[in-house]
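Engineer: here is my input, please return the structure:
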Amino acid sequence: MSDAETPLPQPLLEDDALDLLDDFLEERAGADALDLIGAHGFLVALAVAPRETDAATWVAELFHGSPEFESEQEREIILGLFEQLRSNAINVLESGGLPELPFELTLDGMAAEETPIGDWCAGFMEGVFLDEAPWFEGDEESVATLLLPFMALSGLFADEPDMADLAGDAKRLEELVNQLPELVLDLYLHFRVPPDTPKPKPRGKSPARGKGAPPSAKKGAGGKGGSKGKGKR
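Structural biologist: You can find the predicted model right below:
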């Protein structure tokens, strides 16, 4: 597929809305809450997920507790923006579009887990862990393969033998970073388009090859201790 055929990534929230969420998570949500980058990945995973999770469950997971809002109005605004991000991701993916991610799509020679890319992928995997079983029902091997780039870039599975070769291949990891928006769409379509049905967009670059095992252990995914920085939005 040529660059001309690749749809431009679409932002899931305006910059001022992302800034508002960033400030709230950084200053008032508590040390265990996901930061903005992790929360973005988490909510995109919920948009991709084959089964919807009720709001009370994912809000509790995002904050790892219950934040104290200054007013009911603030609560409605903050939670409404998170829901809007998730809903916008669904709308973009449903139309065959690509989500814009809140960082530059390059590792720039750094280890993935030390960058916002790693934080975002860790947040995405936390969204998978929230309701893991339906992700792997029916075609476990294909889903594990599609999730392999997110797992490798998250840094959460560095001790897994299956990750060693990929984690040590800087060039391949850089390629996967560039493909992240297309890989998100591939996962979304996997759960919603029958195998013999044409996809509603030209196919992007192929995901990482090789068989990846389903996550065997759930690990925390980048709260306040992860890389900071709002990145490009």
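
Engineer: low-confidence ranges in the protein?
Structural biologist: With pLDDT under 70 as the threshold, the chain has low-confidence stretches at 1-5, 194-233.

Engineer: all helices for it, in order.
Structural biologist: Counting by DSSP state H, the chain has helices at residues 15-27, 36-48, 55-63, 72-94, 116-130, 140-154, 164-167, 170-192.

Engineer: right, and residue 28 touches residue 75 too?
Structural biologist: No: at 11.6 Å, residue 28 does not count as touching residue 75 under the criterion of C-beta atoms under 8 Å. C-betas here are computed from N, CA, C, even on glycine.

Engineer: quick one: the nearest residue to residue 149 once chain neighbours are set aside from residue 152, how far?
Structural biologist: Closest residue to residue 149 apart from its sequence neighbours, by C-beta to C-beta, 6 or more residues apart in numbering: residue 176 at 4.2 Å. As judged by C-beta to C-beta, to the nearest Å, residue 176 and residue 152 stand 7 Å apart.

Engineer: and residue 108, by the same measure?
Structural biologist: 17 Å.

Engineer: report how many residues lie close to the residue nearest to residue 149.
Structural biologist: Counted with other C-beta atoms under 10 Å, residues neighbouring residue 176 total 25.

Engineer: can you verify my assumption that it contacts residue 153?
Structural biologist: Yes: contact status for residue 176 versus residue 153: in contact at 6.4 Å, counting by C-beta under 8 Å.

Engineer: many thanks, have a good one.
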